[in-house]
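A.B. asks: Need a 3D model of the following:
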Amino acid sequence: MATVLLAIEFCVALGLGALLGARSLDPEVAPISEVGILAVGAAVIACLVLAMRAPGRGRVALPLAVALCGGLRGVTAWTPRPLAAPGPCSELVAVEVVGASTPGPRCTFEVRAADGDLPWQLRLPPEACPRSAGEALWIRRCDLRDGMVRSIPGGTLPAQRSRAAGVAAILELDQVWPRAPASRSLASRYWRRVAELRTWAFSASRGDPARGFVVAALLGLREGLSSPSRGDLRAAGLGHLIAVSGMHVGVAALLIRGLLLRVGFVLGRTPAAAAALSCGPVIAYVAMTGGAPSAVRAATMFALCQLATIAGRPGHGITSLVLTAAVLLAVEPRWALSPGFHLSFAAMSVLVHPESPRGLWARSWAITWATAPVSLLHFGTISPYGLLANAVAIPVFTLWIVPTGVVGLLGAPLLGDAALTPAALGAELVLDIAAGFAHLPDLSPRAVGVLALAVIALRAVSARLRRRLPSLLLCLALAIFGLVRAPPRDPAPFDWIVLGQGRTYTLISPVRGRERLVCLRDPTLSAARWPEFLRAIGVSAVASVETRRPGPDGQAPAHVAAIRDHLRARGLLRPDPARCDFPSRAAARALVGACIDNFPGRGIVVARARDQERACFVDGAWKRVHSTQDPV
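C.D. replies: Here you go, the predicted model:
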């Protein structure tokens with residue numbers, strides 16, 4: 001019990017340290033001092049020495065040392081590391097590929113320089129794939145440019161995105177050159193096969209949402225699925241199906257272990273032999289899918305269970321879960337702030353609990369309530385229909401899509417693109433379910449808080465219902481998150497806002513006489529990004545979504561219709577007859593041009609006009625610019 005409590009203390013302290021370290025990446029917050037980090041490290045050593053020399057005081061010194069270690073690990077993981085300044089074009093940088101490339105609109109893979117403590121993530125043209133570990137490359141230093149210079153309100157800062165990805169920077173360039181022949185080691189051949197499989201799967205799923213769902217679910221290639229489809233799955237509570245999670249690893253582990261057990265019985269082997277042999281394929285599958293936090297958690301717990309089987313000792317679910325969390329956070333502290341990590345452990349805590357309910361419906365009901373506070377904290381809302389959607393989609397996914405999809409991937413060299421057709425049939429059903437549930441409204445935080453209070457009242461009235469309802473502690477957490485959550489700060493007023501992306505400009509203008517109500521014209525962001533963006537600029541609702549470029553049939557383009565549907569489902573679309581005064585296109589172009597001139601770089605340009613003031617959103621803050629008078 002003492003070990004479990006120390007592990008919990010370590011996780012909490014590491015999470016607080018990671019939160020403090022992440023805040024230091026904000027340009028308006030002072031960075032963490034190296035002197036402070038050294039002081040905490042010295043305090044850790046002093047506590048450990050005290051615990052060893054004075055056993056009586058170890059009851060206080062040891063927990064204090066564990067807490068300080070956790071906080072120190074969390075802080076140092078997010079400490080900014082400066083990137084080397086660009087040099088002359090004649091200077092070449094020697095790098096080596098890490099892992100396997102991920103295909104998409106840009107070929108993405110990680111490389112490690114000889115003097116780098118963290119890898120770089122490179123984004124090249126699509127034809128640069130496949131790339132795999134063991135390849136040695138040359139890069140011209142002057143070609144390196146930040147792939148995410150700007151950020152938009154409601155989004156994460158470029159430094160935060162790179163730290164969340166576990167890399168020193170996310171860089172774009174157009175070309176690399178081979179430096180040496182690829183290694184022929186076993187690990188290099190494995191990563192080469194993974195890169196080739198990912199490239200083939202992405203090519204085979206282009207333009208087909210059903211096949212894109214299959215490759216996203218089995219290989220973690222979310223780029224193979226369109227943004228509207230991903231938004232529908234998230235809104236319906238089915239987003240976990242395309243994020244390789246504990247369920248995917250659990251199904252794969254059960255299939256592998258069951259097959260090895262049957263083979264072992266035929267050969268006269270013990271279950272311990274199957275347990276030892278099953279760990280390798282499971283770890284290889286997790287590495288192939290990108291190593292998401294929930295997948296690594298599931299693989300680690302599976303390995304612990306197999307270790308208990310080999311040792312002939314019974315396993316303890318809660319202890320394994322807590323120790324797994326401590327080990328994973330010690331290795332990857334950035335996961336302490338990952339929503340996927342939080343959701344995975346919240347769901348798993350229900351499954352490993354000694355009094356866990358039996359049956360698919362009962363467990364899904366318990367998991368829905370257990371993950372509700374996490375969803376409310378990270379996303380500001382929950383989907384009340386996730387239980388029904390999962391009850392239909394999960395059996396189809398586990399019994400049809402996963403087995404046929406695995407067979408299709410294995411048979412791809414012989415069958416080609418047709419290998420994914422059987423799994424795609426089940427994927428079409430899941431996408432139809434997601435599209436149906438996605439257009440239903442979500443519950444607001446206030447509605448969730450009221451519902452939690454109603455459940456608390458039912459628990460107090462009926463002892464029979466108490467067994468079927470969530471725990472009192474969970475309901476109190478939901479009530480606090482829903483009702484006591486701080487309201488958004490009043491925004492600074494603006495006359496209009498423009499989003500520049502290439503030759504396309506999105507205009508946002510307030511409605512006359514209405515507070516925090518705006519109109520959108522020619523929206524370009526994906527549907528899923530609009531709620532956070534509107535909340536960040538202080539907008540409560542959208543009165544209209546217009547477009548000056550209708551489709552051939554006179555209707556709005558598909559992406560504009562998807563944005564309308566997404567805003568309507570979130571309760572953010574409120575038609576209003578009042579008018580909006582949009583600026584001229586020339587004025588919008590002039591302001592975007594001023595932002596580009598003052599803050600050169602790539603990415604979406606977000607600019608704001610307020611009275612006579614003009615400002616650009618760069619690196620998480622509004623920065624004033626001096627531009628010429630707006631043309632008429």
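A.B. asks: so Thr3, which of the three states?
C.D. replies: helix (DSSP: H, G, I helix; E, B strand; the rest coil).
A.B. asks: Was I right to think it contacts Ile318?
C.D. replies: No: contact criterion Cβ atoms under 8 Å: Thr3 and Ile318 do not qualify, at 11.5 Å. Placement of C-beta: from N, CA and C, glycine included.
A.B. asks: which residues are in contact with both of those two?
C.D. replies: Counting by Cβ atoms under 8 Å, 6 or more residues apart in numbering, Thr3 and Ile318 have no shared contacts at all.
A.B. asks: Tell me how many other residues crowd the residue lying closest to Leu567 once chain neighbours are set aside.
C.D. replies: Nearest non-adjacent residue to Leu567, counting by Cβ to Cβ, 6 or more residues apart in numbering: Leu573, 4.1 Å away. When neighbours are counted by other Cβ atoms under 10 Å, Leu573 registers 18.
A.B. asks: does Gly426 really touch Gly408, like I thought?
C.D. replies: No: if you go by Cβ under 8 Å, Gly426 and Gly408 don't touch, sitting 11.4 Å apart.
A.B. asks: In contact with the closest residue to Gly231 other than its chain neighbours, which residues?
C.D. replies: Nearest in space to Gly231, with sequence neighbours left out and distances taken as Cβ to Cβ, 6+ apart, is Ala528 at 4.3 Å. Each residue near Ala528 by Cβ under 8 Å, 6+ apart is listed here: Ser227, Arg230, Gly231, Arg234, His566.
A.B. asks: which one of those sits closest to Asp597?
C.D. replies: Nearest to Asp597 out of the contacts of Ala528 is Ser227 (Cβ to Cβ; 30.7 Å).
A.B. asks: distance of the closest one from Ala586?
C.D. replies: For Ser227, the distance to Ala586 (Cβ to Cβ, to the nearest Å) stands at 31 Å.
A.B. asks: and if you look at Val396?
C.D. replies: From Val396 to Ala586 the distance is 53 Å (Cβ to Cβ).
A.B. asks: more crowded one of the two?
C.D. replies: Applying other Cβ under 10 Å to Val396 and Ala586 shows that Val396 carries more neighbours, namely 17 against 11.
A.B. asks: gap between the closest residue to that one other than its chain neighbours and Asp432?
C.D. replies: In this structure, Val396 finds its nearest non-sequential neighbour in Gly426, 5.1 Å apart by Cβ to Cβ, 6+ apart. Gly426 sits 11 Å away from Asp432, going by Cβ to Cβ.
A.B. asks: who has more neighbours, those two?
C.D. replies: The residue with more neighbours, out of Gly426 and Asp432, is Gly426; 23 against 13, by other Cβ under 10 Å.
A.B. asks: quick one: what helix or strand has that one in it?
C.D. replies: helix 421-438 (DSSP states H and E).
A.B. asks: What helices and strands are in contact with that helix?
C.D. replies: helix 209-219, helix 227-235, helix 386-396, helix 402-410 (3 or more Cβ pairs under 8 Å, 6 or more residues apart in numbering; DSSP states H and E).
A.B. asks: That helix: how far from the chain's middle?
C.D. replies: Centroid displacement of helix 421-438 relative to its chain, using Cα atoms, centre = their mean, to the nearest Å, is 22 Å.
A.B. asks: just stretch 11-20 next, same as before
C.D. replies: Mean C-alpha position of stretch 11-20 versus that of the full chain (Cα atoms, centre = their mean) differs by 19 Å.
A.B. asks: Other residues contacting that stretch?
C.D. replies: 32, 66-75, 77-78, 322, 325-326, 329-330, 333-334, 336-337.
A.B. asks: For the helix holding Gly426, buried residues please.
C.D. replies: 422-424, 426-427, 429-431, 433-435, 437-438 (16 or more other Cβ atoms under 10 Å).
A.B. asks: After it, which helix or strand is next?
C.D. replies: helix 445-461.
A.B. asks: on that earlier part again, ok, the residue nearest to Val396 - contacts?
C.D. replies: Contacts for Gly426 were tallied using Cβ under 8 Å, 6+ apart; they are Val396, Phe397, Trp400, Ile401, Thr404.
A.B. asks: Equivalent analysis for Val374, please.
C.D. replies: Contacts of Val374 by Cβ under 8 Å, 6+ apart are Pro339, His342, Leu343, Ala346.
A.B. asks: one step back: for PyMOL, what selects the buried ones among the contacts of stretch 11-20?
C.D. replies: Filtering those down to the buried ones (16+ other Cβ under 10 Å) takes a single PyMOL command:
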select buried, resi 32+66+67+68+69+70+71+72+73+74+75+77+78+322+325+326+329+330+333+334+336+337
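A.B. asks: Point out where the stretch 51-200 of the chain drops to low pLDDT.
C.D. replies: Along the stretch 51-200 of the chain, the model assigns pLDDT under 70 to residues 51-62, 78-90, 114-117, 143-151, 154-166.
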